[in-house]
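>>> Need a 3D model of the following:
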Amino acid sequence: MNPNPASMKSLIAFEATARLGSMTAAAEAERTTQPTISQRIRGLEEYLGLVLFDRHGGRLSLTVEGERFYREMAPSLTTLRDTCDRFVRHGQGPAPTVVIAADAGFTHLWLLPRLPALKRAFPDFSFHLMPIDRSDDPQLLAADIAIRFGPYLPQEEGRLVAREAVFPVCSPDYAQAHGLSGPLSAQDLSRLSLLHQDIRNPRWLDWAQWCRHAGLTPPPAEDIFAYHNYALLLNAALAHQGVALGWSNLVEEYLVTGQLTALGPQVTREDYGYWLSVKHQRSAVTEPVRDWLLDAVHRGEGATSGDPGRLR
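Numbers count the residues shown, from 1 in each chain. Here you go, the predicted structure:
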């Protein structure tokens, strides 16, 4: 066995290949070549006396020993990288600023209430929230962390944060006044005040589209007033003015506090949801913030599920 310890470069090459699934992707991430990555991994295997990757069949996959080695070494490598970056930032002076961009509804209704907790989790960082409603806005693409709502885009390296789940919501007082206690019918829709979002934005469901997905006959499109801001739309629902369509992640806090009531049925669209992407992969600044946001969304989904039968 080679008496020299495994080099940091070989460990980084192995970790990147295991995480990204290919030596080519690892080479791009490390700004080197695929043969260099392969050579470093071979050297690591010789030092350990283990085969870390199964290279048969034209596909690259971790062996049992490789998976065990990855699980044990990856956290230590991340800690070491974070420590180095932290000392570099300390030497550079000002704390880093993380720019998080998302649509206005998600920014105001989900991100902003969690900003104090985010600051407590990362006291050395400063955060700038940018509400952006256009998915092709250059500022969204330039943000350190971008959260986009819409369908899956093959060309985008986004991670699914939460799938779309849409259901009618209203205030408890409005529900009581109109005898609403479960999934709405076509007859219910014809007698209720339906609060509309901007029907010209194809990314968001309007009542007519929601009805088609729910298998209901849409009510006549008469006297429609479109709220061009989702926060204003929810304010109207909170003020007992009618029934709005609620996206689960945007109305979760109101459901938990009892300010809004979920009616149903719930509608989902294949491959629609919130997609999170980071500008710089493997950054010690953005990666932990990204993980915190993902964890916060998942915790929120569990906290607001309520009685799932009501939404089906």
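
>>> biggest helix in the chain, by residue count?
Longest helix in the chain by number of residues (criterion: DSSP state H): helix 64-92.

>>> you'd agree S277 is in a strand?
Yes. According to DSSP: H, G, I helix; E, B strand; the rest coil, the state of S277 is that of a strand.

>>> hang on, it packs against E157?
Yes. With contacts defined as Cβ atoms under 8 Å, S277 counts as touching E157 at a distance of 5.9 Å. C-beta coordinates here come from the backbone N, C-alpha and C atoms, glycine included.

>>> who's in contact with the closest residue to A74 other than its chain neighbours?
Setting aside the residues directly before and after it, A74 is nearest to E15 in space (Cβ to Cβ, 6 or more residues apart in numbering), at 5.6 Å. Contacts for E15 were tallied using Cβ atoms under 8 Å, 6 or more residues apart in numbering; they are 70, 73-74, 77.

>>> name the element E15 belongs to?
Assigned by DSSP states H and E, E15 belongs to helix 8-20.

>>> Now do the buried residues in that helix.
Going by neighbour count (16 or more other Cβ atoms under 10 Å), the buried part of helix 8-20 is 9-18, 20.

>>> Contacts for stretch 176-185, please.
Outside stretch 176-185, the residues touching it (Cβ under 8 Å, 6+ apart) are 168, 170, 174-175, 188, 191-192, 216, 240, 243, 261, 263-265, 310-312.

>>> Just the ones of those in helices?
Within the contacts of stretch 176-185, membership in helices is found for 174-175, 188, 191, as judged by DSSP H.

>>> can you pick the most crowded of the residues you listed?
Neighbour tally across the ones in helices among the contacts of stretch 176-185 (other Cβ atoms under 10 Å): the maximum, 21 neighbours, falls on Y174.

>>> Please name the residues that touch that residue.
For Y174, the contacting residues are 180, 237, 240-243, taking Cβ under 8 Å, 6+ apart as the criterion.

>>> Out of those residues, which end up buried?
The neighbour-count test (16+ other Cβ under 10 Å) marks 180, 237, 242-243 as buried among the contacts of Y174.

>>> Could you dump those into a markdown table with distance to R31 and pLDDT added?
Listed next are the buried ones among the contacts of Y174 as a markdown table, based on distance: Cβ to Cβ, whole Å; pLDDT from 0 to 100:
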| residue | distance to R31 | pLDDT |
| --- | --- | --- |
| L180 | 58 | 91 |
| A237 | 50 | 94 |
| G242 | 55 | 92 |
| V243 | 53 | 94 |
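
>>> wait, which of the residues you listed is closest to P288?
Here the nearest of these to P288, counting by Cβ to Cβ, is A237; it sits at 35.6 Å.

>>> these two touch, right, that closest one and T261?
No. When contacts are counted by Cβ under 8 Å, A237 is not listed as touching T261 (9.7 Å).

>>> Where does pLDDT dip in the stretch 151-300 of the chain?
Applying pLDDT under 70 to the stretch 151-300 of the chain flags the ranges 155, 198-200, 222-224, 281-282, 300.
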